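Q: when you get a sec, could you give me coordinates for this:
(2 chains)
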Amino acid sequence: MGGWKDRMVAKVFTRFPGLAARWARGLAADTEPIPWTPVTKPLAEATLAVVTTGGVHLRTQAPFDMVDPGGDPSFREVPMNAAPTDLIITHDYYDHADAERDLNLVFPAGRLREAVAAGVVGRLHGVGYSFMGHIDGAHVETLRRRSAPEVARRLAGAHVDYALLVPA
Amino acid sequence: MGLAARAVEAAGVATVALSVVREITEKTPPPRALFVRFPFGHALGEPGNRAQHLEVLRRAFTVLFSAREPGTIEDAGLRWRRERYADPDWEAWRFGRGGVKPAPTR
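A: Numbering: from 1, shown residues only, chains lettered A, B, ... in the order given. You can find the predicted model right below:
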């Protein structure tokens, strides 16, 4: 299971980001071309969506898989107007005590609603998309080939203009 | 994060990503990123710090509207718990045609 151990490691990495940086230097670089879509619509007229890898989901949704050491490449649709008390974070690989006190840290729905109310963001897409960011091994290809393109299709199909991605 | 951003961008939805560990982001760069040297789980800052959250968001949108090439990683230059944040000036958020030009990020 290893849940408590992962959470201990998560606390250490949260406290000492330099360790994560050192670990990252050993990762393989992705050399595929990076896509590009021009930004043309003013923010005040645009529809914005949020994608988080912070493991946020509704309490009524199935939690992310914390047993598989490769992580869980699936995603959850999270209503942007959900009450914070209806949301929970399932993610053993970072210390989310602060994020649970204030979900804006990883899922800034509340702050972005303020920006809409101020008239500087057009509107928010009704749901945010939530992944858990610790994905390894074969699940990386599932994310690349299946779940991330599925989220992309849904956003494009809903005529979302811009997406903000927030990490764990 | 980089893979998700790339998939969304490839579908025609322009993206900006926050990054808390530049070295991870550099391995799979998203089209546009704002790097904040904050701990994991704190991409927008400290709990309850509204002005800080909104400043991070404003800087992210600045990168969205000012980046000119894929793989741009802008360093916000914000120090963890050592900055003072003013309440938002929404006039500095009018990004795009007909609004103010993107404000400099620092």
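
Q: contacts for the worst-scoring helix or strand of chain B on mean pLDDT next, please.
A: Ranking every helix and strand in chain B by mean pLDDT, DSSP states H and E puts helix B:22-27 at the bottom, with a mean of 95. Residues from elsewhere that reach helix B:22-27 (CB atoms under 8 Å, 6 or more residues apart in numbering or on different chains): A:20-22, A:24-25, A:27-30, B:1-2, B:17, B:19, B:33, B:35, B:37, B:73, B:75. Placement of C-beta: from N, CA and C, glycine included.

Q: show me those residues that map onto strands.
A: Per DSSP state E, strands hold the following members of the contacts of helix B:22-27: B:17, B:19, B:33, B:35, B:73, B:75.

Q: need these in TSV with pLDDT and distance to chain A, can you?
A: Converted to TSV, these look like this (pLDDT from 0 to 100; distance: CB to the nearest CB, whole Å):
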residue	pLDDT	distance to chain A
B:17	98	4
B:19	98	7
B:33	98	9
B:35	98	11
B:73	98	11
B:75	98	14
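
Q: buried members of the residues you listed into ChimeraX, please.
A: Typed into ChimeraX, the line below selects the buried ones among these, using 16 or more other CB atoms under 10 Å in any protein chain shown:
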select /B:17,19,33,35,73
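
Q: and the residue nearest the centre of chain A?
A: residue A:52 (1.5 Å; CA atoms, centre = their mean).

Q: can you pull the contacts of that one?
A: With the criterion set at CB under 8 Å, 6+ apart, residue A:52 makes contact with A:106-107, A:128-131, A:165-168.

Q: including neighbour count, could these go into TSV?
A: Output for the contacts of residue A:52, formatted as TSV (neighbours: other CB atoms under 10 Å in any protein chain shown):
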residue	neighbour count
A:106	30
A:107	29
A:128	25
A:129	26
A:130	30
A:131	30
A:165	27
A:166	28
A:167	28
A:168	28
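
Q: of the residues you listed, just say which sits nearest to chain B.
A: residue A:165 (3.9 Å; CB to the nearest CB).
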